[in-house]
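[1] no sequence for this one, just the structure:
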């Protein structure tokens, strides 16, 4: 046994020394961490380094992922030929300039992540050389006008899995450059299954069936001469799009003519956004064409369908129109797609009855800060495996009896800050009907009686 341990120790040391000798052939492994078993080269500036600049990069032949963080250089590093690199990530590194031939030595890249740098534009047609690209993340840069991003990718029919362009200015041209026209036409986006355009530095103001519209932010021009950037978004883009995240854009509006395209998505995050047409909730509920699995509308304003023919009303006019009363305020909420798994409708100004019959696949329901006073699931037609319900800050006066329809699977239940004053009879027995329940919040109600027998 002792001899075996000595042999094993020598084997590990020989393997370590051999690996180190191999890595010593690559200067990159002297300044970065090289993990051969993980196929990763990881570079980051430590606390003891004032500057960390990579000019020439020659990667070990086994490298599939190169990651760099907190570099100190404005120009993109020069890579030697390496067809096996699949993921290239350089974040928070002050990058500004990318040479038109920068990616030619790296033809196998599938994921390109250059977030949180200072990039203003990509070289023209640079993505056309990346025939294997699946993920492109340019969030948190200074990209304006989409030059180098728009258009077709390298190979015919190529589709990105994910395109992330959040936190960019997009529409911040000098007024003198666009004085001849108030509208600037941007290149169309490449086809992508997921698009994230979150918290834009220019005002993302509209999504309609053919184009998306941005307004120049902090422009010195008067309201009569506002400058807009138009991003074409054709049916080919809609057909492949499955996930759209446009949250944190407070003035964005969904045009009623795009509702069929919205319904065809699987994931829509519109939370903390602007204005959503209420007709969607009446016309597209439980229809086979409605594919939504995750629908996030938290802190969104619902506007009346009657203004769709005059959609370009300003926000104050929409709010004035809505003061006359939404249909949703006087009718039960019944919207649910056949595939719905997550529904977030907190603080959207609706109330009365929350009726989710037919939502068999629903797992997470969040409807805080509304005016709901009734809840209906349906014993045989409701959710089959509902895990979480949050109805905080509504106006329920009684324990919602329909919760028994989902009691077998419920894990989290939040009924805090309602008007509930007592549990039903046999309250203690009632709790035994929720075998999976691990979190129950009833704080802020008017409970004065609990039937324990």
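    Now that the structure is in, tell me what you want to look at. Note that the structure is predicted; figures quoted are calculated from it, not measured. Numbers count the residues shown, from 1 in each chain.

[2] Only C-alpha atoms from now on, for both contacts and neighbour counts.
    OK.

[3] Helix or strand next in line after the lowest-mean-pLDDT helix or strand in the chain, which one?
    Least confident helix or strand of the chain, by mean pLDDT, DSSP states H and E, is helix 2-24 with a mean of 46. The C-terminal neighbour of helix 2-24 among helices and strands, as given by DSSP states H and E, is helix 28-31.

[4] immediately after that following helix, which helix or strand?
    strand 33-35.

[5] same for the helix or strand that that next one is followed by, what does it pack against?
    Remark: after strand 33-35, the chain's next helix or strand is strand 40-44, criterion DSSP H and E. Using 3 or more CA pairs under 8 Å, 6 or more residues apart in numbering; DSSP states H and E as the contact test, the elements touching strand 40-44 are strand 33-35, strand 65-69.

[6] Could you list the residues in contact with whichever helix or strand comes after strand 40-44?
    Using DSSP H and E, the helix or strand that directly follows strand 40-44 along the chain is strand 56-57. Counting by CA atoms under 8 Å, 6 or more residues apart in numbering, strand 56-57 makes contact with 28, 77, 78, 79, 80, all of which sit outside it.

[7] Report the distance from strand 56-57 to the chain centre.
    Remark: strand 56-57 is offset 34 Å from the chain centroid, using CA atoms, centre = their mean, to the nearest Å.

[8] That strand pairs with which strands?
    Its sheet considered, strand 56-57 pairs with strand 78-79 (parallel) by DSSP bridges.

[9] report the angle between the axes of whichever helix or strand comes after the strand it pairs with and strand 40-44?
    Per DSSP H and E, the first helix or strand lying C-terminal to strand 78-79 is strand 87-91. Computed with axes from the mean of the first three to the mean of the last three CA atoms, to 10 degrees, the direction of strand 87-91 lies at 10 degrees from that of strand 40-44.

[10] by contact count, what packs against strand 87-91?
    strand 65-69, strand 111-113.

[11] So what's the residue count around the closest residue to residue 121 other than its chain neighbours?
    Spatial nearest neighbour of residue 121, chain neighbours left out: residue 143 (5.3 Å); criterion: CA to CA, 6 or more residues apart in numbering. The tally of other residues near residue 143 (other CA atoms under 10 Å) stands at 25.

[12] Give the rounded mean pLDDT of the helix or strand encompassing residue 205.
    Following DSSP H and E, one finds residue 205 within strand 203-207. In this model, strand 203-207 has a mean pLDDT of 93.

[13] go on, stretch 102-117?
    Mean per-residue pLDDT for stretch 102-117: 96.

[14] Return the set of buried residues in it.
    Neighbour-count burial for stretch 102-117, counted by 16 or more other CA atoms under 10 Å, picks out 103-104, 106-117.

[15] And it, how far out from the chain middle?
    Worked out by CA atoms, centre = their mean, stretch 102-117 lies 21 Å from the chain centre.
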